[in-house]
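Colleague: Quick one: sequence and predicted model below, then my questions.
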Amino acid sequence: MKQKLLSILALLLMAATGAVAQTETLLTTITATAKEQASYSTANVATVSFSYTAGGSSAYLANWGWWGYGWSATVTAAEGYTITKCIFYDDANRTATDSEAPFVVETTEEDKTPQVNGTPILAYTSKGIKKIEVYGYAPFNVTANEGASGEYWATYYNANATQGFTADENTKVFQAALSGNQLTMTEVPGREIPAGKAVILKSTAASTITLTAATTSATLEGNQLVGTATAIANPGNAYVLNKGANGVGFYKLSSTGTIGANKAYLTYSGSGAPSFLNFVEGNVTGIEMPKAETTNSDAEVYDLQGRRVANPTKGMYIVNGKKVVIK
């Protein structure tokens, strides 16, 4: 019954809510409507602003869009959004793509042909710009579950092969590794989640953790967290993050359990499969080896080597996943 309950709790903890946007998408389409004016298919994602050379000017025609001599239009992302490319459409729906910031279309004082990165869309033929498609990444949320009071935990797998993300300022990001019978959890600098990596998230503010696209440099060497982009059956000897009888830690998943999409897990290949892998933030701790099932509701106490202590004396112990000093 205890194992079944832990399996159900693990499934609840692994369920992710909120949009998990890991691929480049069309964020908004900017359509010219008047001089220096535009409509947006999705508001508050990006803006377009105009600037001019000394003798430049612009105007608007329904058939041409924005046109003129010596003007430029720059597309800028709103806070939290990341632009990866802009596709500029001329009056005849011919296109030019800019894949590197700043995202600009411009004309010269001598030639009204719109150009991107110095190349005209169609020399001496394109007359103006009618719309701009903006591609990139929107911020998205991952749901975390409460551990100790004021702490919220989740795992996350970044399935994008090229794009990294960062967590909000109230969240710490960790990698994890097993060495023999010890579990180590190490904080990742800059709250980074590199492309193709699985991590642990800990928020001290809310159960909703916001991730945004970013350039990352962390390599997560030695990280043994395994990620899955889709929901999968237990691959064997899998451990999932959960809050159970022993506090927050990695609990052995039942043979019929599943692991949710964009989630992370650990596998244990040592002798004797433990029922629970405990960790203390930023430290090395032991793991609890199999023990008889019990209905005792009292908190279980472990020493810093992960051994259960029936009658603790003075010293430091692990109780419900937290360091406790008994004086």
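Modeller: All right, it came through fine.

Colleague: Which SSE is immediately downstream of the helix or strand bottoming out on mean pLDDT in the chain?
Modeller: None of the helices or strands of the chain scores lower by mean pLDDT, DSSP states H and E than strand 284-286, at a mean of 38. Next helix or strand after strand 284-286 toward the C-terminus (DSSP states H and E): strand 301-302.

Colleague: I'd like the mean pLDDT over that following strand, please.
Modeller: Mean pLDDT, strand 301-302: 72.

Colleague: Off-centre distance for that strand?
Modeller: 34 Å (C-alpha atoms, centre = their mean, to the nearest Å).

Colleague: elements contacting it?
Modeller: strand 315-319 (3 or more C-beta pairs under 8 Å, 6 or more residues apart in numbering; DSSP states H and E). Heads up, the C-betas are built off the backbone N, CA and C, glycines and all.

Colleague: Next one, pLDDT for the spatially most central residue of the chain please.
Modeller: Nearest to the mean C-alpha position of the chain, by C-alpha atoms, centre = their mean, lies Leu211 at 4.2 Å. Looking at Leu211, its pLDDT is 96.

Colleague: Over to Lys323?
Modeller: If you check Lys323, the pLDDT there is 62.

Colleague: what about the helices in the protein?
Modeller: Here the chain has its helices, by DSSP state H, at 2-14.

Colleague: hey, what's the residue nearest to the centre of the chain bridged with?
Modeller: Residues found in beta-bridge contact with Leu211 (criterion: DSSP bridges) are Phe140, Ala167.

Colleague: shift numbering so it begins at 33
Modeller: Got it, first residue is 33 now, which makes that one Leu243.

Colleague: ok now do it, which residues does it touch?
Modeller: 171-174, 188, 197-200, 225 (C-beta atoms under 8 Å, 6 or more residues apart in numbering).

Colleague: among those residues, which ones are buried?
Modeller: By neighbour count, with 16 or more other C-beta atoms under 10 Å, these hold 171-174, 188, 197-200, 225 as buried.

Colleague: and which of those is nearest to Thr139?
Modeller: Pro171 (33.8 Å; C-beta to C-beta).

Colleague: Quick check: that closest one vs Ala199, distance?
Modeller: The gap separating Pro171 from Ala199 is 11 Å, by C-beta to C-beta, to the nearest Å.

Colleague: Now for the two: what residues contact both?
Modeller: Residues touching both Pro171 and Ala199 (C-beta under 8 Å, 6+ apart): 242-243.

Colleague: where does the protein dip in pLDDT?
Modeller: Flagging of the chain using pLDDT under 70 yields the residue ranges 33-53, 212-214, 302-305, 310-332, 336-338, 342-343, 346-348, 351-359.

Colleague: Sounds good, over and out.
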